[in-house]
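Visitor: Curious how this folds, go ahead:
(chains A and B)
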Amino acid sequence: MGRWALGLGLALWVAGCGRPDPAPPVIPVTAAELRRVITAARAKAVLVNVWATWCGPCREELPDLVRLERDGRAAGLKVLLVSADSESDLPQVKRFLAQHGVCFPTYFKAQKDMEFINGLDPRWSGALPATFIFDNQGKLVNRLEGKATYAEFVALIQPVLEEQQ
Amino acid sequence: MNRMQTMAIVFTLATGAHAASLQLGDTLPARDVPMKNVDGKTLTIADAKGRHGTLVIFSCNHCPFVKAWETRIAAVGNAALAKGVGVIQINANDPAVQPADGYQEMQQRARERGFQFPYVVDATSDVARAFGAGHTPECFLFDAADKLVYRGAVDDDKDAARVTQHWLRDAVDALAAGREIATKETKAIGCTIKFRKKS
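Guide: Reported below is the predicted structural model:
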């Protein structure tokens, strides 16, 4: 898929976000495309969370990530959610995101597992949920495999945000 | 909270989940830890060793990715036994976290899938910790000298119809035939191991 797909997804989101029941766009990405999104975000810190609807711990921590996105936006935090669900499961991905009030563009893995894992972070085992913190240059500065709390997410991103002050 | 305290928390979060995973060439760890099999007997990884080596698979019952791969795990594992590679599948998950990962459910799963190899309980999760295993399904293949020669996934897609690389099957075949394993390290997305609290 090309960059046009990313652009189309973002355009649909901009058009739909203000509606009463917005369905957030879920945009297909490869690891290389996601890396470009991270760099282009021009945020002080970017948190990438790879999750799936079939993953219990992922579902449990998602509300904290939604809250984190809302609370951290003004401080320069960008949160990117990447679903590892199959493309055939996208309707339930969208339903789940909408149920949790996600009104920002999200993504789904459109690549074989190993290429995606190694392309995003060669040190990632492949376990879900997985969270990665990037600085304002798009450099990976931290990672976490497994479920985290709101406070733990804050502890991961705070030093990166402070670095940019 | 000052910056040093914050950095300490971050470091703990990023490194504290489990030990580093085994590297190729590392020696089989925790080989003599007794574990309860689905047949009620107790055995160790050493007991499961075959004349050409040992395949250790960390698995569980509840994980949708395990379920997706399980038929292929059974096929590769059963074929490995016939080729002289011992096989042992280990469930290190805490059933208090995931009730579906209990012993009775393991027995049922082993029957349903036709595992001809042991499926055992890592009752402290310490065997998984010794391997640095972090998710399921995850495979570790050792040669006759107990050195790690392959680690990673079963194949390259959880959807059987889309598989193009049969990594584990090929690694077992090469090991049994005395050939060099072409692809020694692979990855796939899976479920985190639900570790029991440190004993």
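
Visitor: check contacts around the residue of chain B found nearest chain A.
Guide: Among the residues of chain B, residue B:135 lies nearest to chain A; the distance is 3.6 Å by CB to the nearest CB. Any C-beta I mention is one placed from the backbone N, CA and C, and that applies to glycine too. By CB atoms under 8 Å, 6 or more residues apart in numbering or on different chains, the contact set of residue B:135 is A:125-128, A:145, B:58, B:190-193.

Visitor: ok, for the residue in chain A positioned nearest to chain B, nearest residue in space, not its chain neighbours?
Guide: Using CB to the nearest CB, the closest approach of chain A to chain B is made by residue A:127 at 3.6 Å. In space, and not counting its chain neighbours, residue A:127 is closest to residue B:135: 3.6 Å by CB to CB, 6 or more residues apart in numbering or on different chains.

Visitor: Repeat that for residue A:153.
Guide: In space, and not counting its chain neighbours, residue A:153 is closest to residue A:68: 5.3 Å by CB to CB, 6+ apart.

Visitor: Count the neighbours of the one you found for me.
Guide: 20 (other CB atoms under 10 Å in any protein chain shown).

Visitor: Can you report phi and psi for the residue of chain A closest to chain B?
Guide: Backbone torsions for residue A:127, taken as degrees, to the nearest 10, come to phi -70, psi 140.

Visitor: Stretch B:177-197 and chain A in contact?
Guide: Yes: residues of stretch B:177-197 contacting chain A under CB under 8 Å from any CB of the partner chain: B:186-193.

Visitor: could I get those as a markdown table with pLDDT, secondary structure and neighbour count?
Guide: Formatted as a markdown table, the residues of stretch B:177-197 next to chain A follow (pLDDT from 0 to 100; DSSP: H, G, I helix; E, B strand; the rest coil; neighbours: other CB atoms under 10 Å in any protein chain shown):
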| residue | pLDDT | secondary structure | neighbour count |
| --- | --- | --- | --- |
| B:186 | 98 | coil | 22 |
| B:187 | 96 | coil | 23 |
| B:188 | 96 | coil | 25 |
| B:189 | 96 | coil | 23 |
| B:190 | 95 | strand | 29 |
| B:191 | 94 | strand | 28 |
| B:192 | 93 | strand | 25 |
| B:193 | 95 | coil | 30 |
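
Visitor: which residues does the residue of chain B closest to chain A bridge with?
Guide: residue B:192 (DSSP bridges).

Visitor: and if you look at residue B:185?
Guide: residue B:151.

Visitor: can I get the contacts of residue B:135 in JSON lines with distance to residue B:120?
Guide: Below are these laid out as JSON lines (distance: CB to CB, whole Å):
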{"residue": "A:125", "distance to residue B:120": "22"}
{"residue": "A:126", "distance to residue B:120": "23"}
{"residue": "A:127", "distance to residue B:120": "21"}
{"residue": "A:128", "distance to residue B:120": "25"}
{"residue": "A:145", "distance to residue B:120": "24"}
{"residue": "B:58", "distance to residue B:120": "11"}
{"residue": "B:190", "distance to residue B:120": "19"}
{"residue": "B:191", "distance to residue B:120": "18"}
{"residue": "B:192", "distance to residue B:120": "20"}
{"residue": "B:193", "distance to residue B:120": "15"}
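
Visitor: Check those against residue A:30 and report the nearest one.
Guide: Residue A:30 lies nearest to residue A:126 out of the contacts of residue B:135, by CB to CB, at 15.9 Å.

Visitor: one step back: how close does the residue of chain B closest to chain A sit to residue A:60?
Guide: 17 Å (CB to CB, to the nearest Å).

Visitor: Check residue A:82 too.
Guide: Counting by CB to CB, the gap from residue A:82 to residue A:60 is 17 Å.

Visitor: Could you check which of the two is surrounded by more residues?
Guide: Neighbour count, other CB under 10 Å: between residue A:82 and residue A:60, residue A:82 has more, with 23 against 12.

Visitor: Let me see the backbone angles for that one.
Guide: phi -120, psi 120.

Visitor: pLDDT value on it, please?
Guide: Residue A:82 carries a pLDDT value of 98.
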